[in-house]
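J.: just a sequence and a predicted model for now, questions to come.
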Amino acid sequence: MEGKIRVLVAKPGLDGHDRGAKVVARALRDAGFEVVYTGLHQTPDQIAEAVIQEDVDVVGLSILSGAHNTLVPRVIELVKKKGGRQDLLYLVGGIVPREDVDYLRAAGVSEVFGPGTPTEDIVAYIRQHAKG
Amino acid sequence: MKTRESRAEPAGGTPAGQVAECERKARFSTVSDLPIRRVYRPQDIAGLDYERDLGDPGCFPFVRGVHETMYRGRLWTMREFAGFGTAEESNARYKYLLEHGQTGLSVAFDMPTIMGYDSDHPRAEGEVGKIGVAVDTLADMETLFSGIPLDQVTTSMTINGPAAVLWAMYLVVAEKQGASWQKISGTIQNDILKEYIAQKSYIFPPRPSMRIITDIFAFGSKNVPRWNTISISGYHIREAGSTAAQELAFTLADGMAYVEAGIAAGLDVDEFAPRLSFFFNAHNDLFEEVAKYRAARRIWARVMREKYGAKNPRSWLLRFHTQTAGCSLTAQQPHNNIVRTAIQALAAVLGGTQSLHTNSMDEAWAVPSEQAVTIALRTQQILAEESGVANTVDPLGGSYFVEALTNELEAQAQAYFKQIEALGGVVAAIEQGFFQREIADSAYRYQLQIERGEKVVVGVNRYRMEEELSIPLLRVDPAVAERQVARLNRVRQERDGARVRAALDRVSKAAEGTDNLMPFILEAVRAYASLGEIMDALRRVFGEYRERPVF
């Protein structure tokens, strides 16, 4: 593969629980990916901008406030609308009830990683699926 | 008897005359990775002086408890943190909990409220009523406490950035109910430092935030004397991934920063210090947690008397609320969380907590269902009424292990205090990202220990099962946001617009000057100005804080 896989880790919405996002960001960096972390309290618009600006291959969205069904599809829509790449890999982490997982998949999310997921599973998933 | 130098003892050391046996692991450590020896002996606490270092319960330095009788006098307050949807739904949950023997209320607000936005703000989309109750105006607060006499319950409100506004709403509801401010009691979290450090629900930059807090201290000590005007919180620091020692150190460092801010604002330390309260986590490692609470009391008592010159014995007391560790709950095999929570609650009780929230088994999935929260409350009642642990004060006091661990945690906290001081104090350390880095490092280290199998999480990295989720979850009605926005619009139509505008103007003016903000915020609340409007009036003057993210 040419170059490193680039990953944007983002925290959409208002919740400030960034433990998971930061642990994952660090594990991905340690695994050899290029990682950009947006920081907290990002609007879907700000995240979509960052996705395009940073030209990433993978977008990891961490939400623990229950607002995933609103915010995640919004990010994906906005990236498309702004002319972002079509082959991006969207991943979601956080507290997502199982019945919402199908909804998020239908909106374009490849995988939802719930609490207790080993970071090595996320790394392996990205290696297998990202188009770097 | 032959005495041994315990410090020199190797991990697997064997007293003379005993057969050496293998141990299961090369190294034993707490959940925070503090190394633990096979056995603790008198020499591990050599130099510990009962009167000086422990004291009887209710006596300086209060290691054994802040009251002489502790739970023989009065049990801890059982206070389940609750709130979701609209004020009506949360009001119904509060009444349910009170009917089932809960003894105090604890309000969870939704994210827009926590961040100081109205429910119709664009940033509130998808978040209204999700993880707590939505409160926009006084009208919502009136509904939230409808039929609950505020002079007969105590209420804790988990609110920080906009604490002054939500507290003002509560005070006006009390006023309207005819409950005297002299009599009502409760707590506002109002701990902004730990927001920058860990929970990240900050609004204004640190310095204006500290001014609001000292305004609240001053207003409270004069007008609402039984109110705890701050709950200095380690809970969120721990949830963000810190060790027990870091939770202890950073929380008490925050506490000292508030005391210094109060003194710098011209308050007498004994005027506000008796109303300071604390809030700690109860994680899985029973003895480490008990030691943490005991060390906290000793450090605080000494610092308040010796460093800040407090003369009122009430200023020396570290009173605290405890919540069991949300971060320890697993989404896998959720019934196991009942057991985890029971052990954590036991730690809090053995550590002498003043009030306790026990998490519900379903909280790695959602806001708790009624059934789950009932089990959580029953867990406390079983501890209080059946287990016998409330029969005597500080039952672990004098244990070689627990006393040694108490000393160790205190020593680690003292080392952090020195480091923080060298960085220029808490606010400067926040600005340099010190706490944030320390916590992120600990969180990452713990994650790696789990992934290597060095730390076991039952059902997650050992004893796994294929399973379907077997517990019913609470779903917040998606129409909540619409209903809440409609209600807000109704209030906006019915109120006196000119009075609101004038009141908001006066809030901004007061923010520019040095007057105490509380009377101006109270006036805006009485006029039914919304939370978002009042916060905007302050944002105009104070600006907003942005964090430089570190990972």
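T.: Perfect, I can see it now.

J.: ok, the residue of the stretch 1-150 of chain B found nearest chain A - contacts?
T.: Residue of the stretch 1-150 of chain B nearest chain A, by CB to the nearest CB: residue B:126 (2.7 Å). No exception for glycine: its C-beta is placed from N, CA and C like everyone else's. The contact partners of residue B:126, taken as CB atoms under 8 Å, 6 or more residues apart in numbering or on different chains, are A:13, A:67, A:69-71, B:481.

J.: among those residues, who's most crowded?
T.: Compared across those, residue A:13 has the highest neighbour count, 31 neighbours, by other CB atoms under 10 Å in any protein chain shown.

J.: so what pLDDT did it get?
T.: According to the prediction, residue A:13 has pLDDT 92.

J.: what's the answer for the one 5 residues further on, then?
T.: Turning to residue A:18, the model gives it a pLDDT of 94.

J.: before we move on, what about residue B:8?
T.: At residue B:8, pLDDT is 42.

J.: with residue B:4 instead?
T.: For residue B:4, the predicted pLDDT is 43.

J.: centre of the chain to the biggest helix by length in chain B, how far?
T.: Determined from DSSP state H, the single longest helix within chain B is helix B:400-422. How far helix B:400-422 lies from its chain's middle: 20 Å, per CA atoms, centre = their mean, to the nearest Å.

J.: pLDDT averaged over that helix - what is it?
T.: The pLDDT scores in helix B:400-422 average 98.

J.: can you name every helix or strand that it contacts?
T.: Contact here means 3 or more CB pairs under 8 Å, 6 or more residues apart in numbering or on different chains; DSSP states H and E; on that basis helix B:400-422 packs against helix B:244-264, helix B:286-302.

J.: next SSE downstream of the last one?
T.: Towards the C-terminus, the helix or strand next in line after helix B:286-302, according to DSSP states H and E, is helix B:313-316.

J.: tell me which helix or strand comes right after that next one.
T.: strand B:320-324.

J.: mean confidence for that following strand?
T.: Mean predicted confidence for strand B:320-324 is 97.

J.: again, but for stretch B:217-224
T.: pLDDT averaged over stretch B:217-224 gives 96.

J.: who touches it?
T.: For stretch B:217-224, the surrounding residues in contact (CB under 8 Å, 6+ apart) are B:171, B:181-182, B:184, B:227, B:229-230, B:258, B:262, B:265, B:267, B:271-272, B:275, B:516, B:518-519.

J.: identify each buried residue in that stretch, please.
T.: Within stretch B:217-224, the residues that count as buried by 16 or more other CB atoms under 10 Å in any protein chain shown are B:217-221, B:224.

J.: excluding its backbone neighbours, what's nearest residue B:286?
T.: residue B:347 (4.8 Å; CB to CB, 6 or more residues apart in numbering or on different chains).

J.: which one of the buried residues of stretch B:217-224 is nearest to chain A?
T.: residue B:217 (24.6 Å).

J.: the residue lying closest to that closest one once chain neighbours are set aside: how many residues sit nearby?
T.: Nearest residue to residue B:217 in three dimensions, chain neighbours excluded: residue B:272, at 4.3 Å (CB to CB, 6+ apart). Using other CB under 10 Å, residue B:272 has 23 other residues around it.

J.: over to residue B:418?
T.: 9.

J.: quick check: it vs residue A:73, distance?
T.: Distance check for residue B:418 against residue A:73: by CB to CB, to the nearest Å, it reads 50 Å.

J.: and if you look at residue B:369?
T.: Relative to residue A:73, and taking CB to CB, residue B:369 is found at 27 Å.

J.: name the nearest residue to residue B:538, sequence neighbours excluded.
T.: residue B:511 (5.4 Å).

J.: where does the one you found sit: helix, strand or coil?
T.: Here residue B:511 is recorded as helix under DSSP: H, G, I helix; E, B strand; the rest coil.

J.: just checking, what packs against the longest helix along chain A?
T.: Across chain A, the longest stretch assigned as helix under DSSP H is helix A:68-81. Counting contacts by 3+ CB pairs under 8 Å, 6+ apart, helix A:68-81 packs against helix A:44-53, strand A:58-63, strand A:89-94, helix A:98-106.

J.: if we can go back for a sec, between the buried residues of stretch B:217-224, which is closest to residue B:297?
T.: Closest approach to residue B:297 among those (CB to CB): residue B:217, at 21.6 Å.

J.: report the angle between the helix or strand containing the closest one and helix B:244-264.
T.: Assessed by DSSP H and E, residue B:217 sits inside helix B:206-223. On the basis of axes from the mean of the first three to the mean of the last three CA atoms, to 10 degrees, helix B:206-223 is oriented at 70 degrees to helix B:244-264.

J.: can you point out the buried residues in the helix or strand of chain A with the lowest mean pLDDT?
T.: Every helix and strand in chain A was compared by mean pLDDT, DSSP states H and E; the lowest is helix A:98-106, with a mean of 94. Neighbour-count burial for helix A:98-106 flags A:100-101, A:104 (criterion: 16+ other CB under 10 Å).

J.: can you list the residues of chain A near chain B?
T.: Within reach of chain B by CB under 8 Å from any CB of the partner chain, chain A has these residues: A:9, A:13-19, A:21-23, A:25-27, A:29, A:35, A:37-41, A:43, A:65-67, A:69-71, A:95, A:97-98, A:114-116, A:118-120.

J.: pull out the buried members of those.
T.: By 16+ other CB under 10 Å, the residues of chain A next to chain B give A:9, A:13-19, A:21-23, A:25-27, A:35, A:37-41, A:43, A:65-67, A:69-71, A:95, A:97, A:114-115, A:119 as buried.
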